[in-house]
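Participant: A predicted structure for the sequence below; I have some questions about it.
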Amino acid sequence: MGNSNIEKLKVERDVEGLVNALQQEDVDVWSKASAALIEIGEPAVERLILALRDANPRVRSIAAVDLGSIKDPRAVEPLINAIMTDPERDVRWHGVDSLGKIKDTRAVEPLIQIALASRESLFVREAAIQSLGEMGDTRAIEPLKKCLKEAEVLFASGSWDGKYLADYINKAIDKIRKSEEK
């Protein structure tokens, strides 16, 4: 499948064909298919939600990214399910990031769980912290303070991960407080 086929699928608004193109190994093909799905927007949401359960982790990751770009609230529960259960770190990371873009309050508690999950990848936790900051929900402040204490302990023990985590937490808390002032 080449770029001209992707353009044809885009013009025809063939969501199924574009989602199938995400399976392609050629980065140029699947990235153009992803961009086309985002451009199609709302009509692509249901099929992208189904793609969150695809066997291919790259397809699941792209679906999560695309859903975050489209920002349709129908994607919130499926994205929450993905961040809580998907075995692939990149899928969880993109799902967390997308929930921050959608800014639906249903995602606050699951994002707090991810931020506090010491066994979770640092990248996913940082994305959850950033998403909580973007959402501006004050429910996140106390859990983020708890997370900050953990980060300080990590940094004191010589781990730079603690410093990076603390920076993300402080920025998120500042964003939440600023959004609270509005």
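Facilitator: Sure thing, it's come through.
Participant: the longest helix seen in the chain - contacts with which helices or strands?
Facilitator: Of all the segments of type helix in the chain, defined by DSSP state H, the longest one is helix 160-181. The contact analysis (3 or more Cβ pairs under 8 Å, 6 or more residues apart in numbering; DSSP states H and E) places helix 160-181 against helix 122-135, helix 141-156. All C-beta spots, glycine's among them, are computed from the backbone N, C-alpha and C.
Participant: can you do 10 Å?
Facilitator: Applying 3 or more Cβ pairs under 10 Å, 6 or more residues apart in numbering; DSSP states H and E, one finds that helix 160-181 contacts helix 108-116, helix 122-135, helix 141-156.
Participant: buried sites along it?
Facilitator: Within helix 160-181, the residues that qualify as buried by neighbour count (16 or more other Cβ atoms under 10 Å) are 162, 165, 166, 168, 169, 172, 173, 175, 176.
Participant: then stretch 132-145?
Facilitator: For stretch 132-145, by 16+ other Cβ under 10 Å, it's 132, 133, 134, 135, 136, 137, 140, 143, 144.
Participant: give the buried residues for the worst-scoring helix or strand of the chain on mean pLDDT.
Facilitator: Among the helices and strands of the chain, helix 3-11 carries the lowest confidence by mean pLDDT, DSSP states H and E, at a mean of 88. Neighbour-count burial for helix 3-11 flags 5, 6, 9, 10 (criterion: 16+ other Cβ under 10 Å).
Participant: would you confirm that the first one contacts residue 28?
Facilitator: Right, the one you point to is residue 5. No. Between residue 5 and residue 28 there is no contact under Cβ atoms under 10 Å: 11.8 Å.
Participant: quick one: low-confidence parts of the protein?
Facilitator: 1-3 (pLDDT under 70).
Participant: many thanks, we can stop here.
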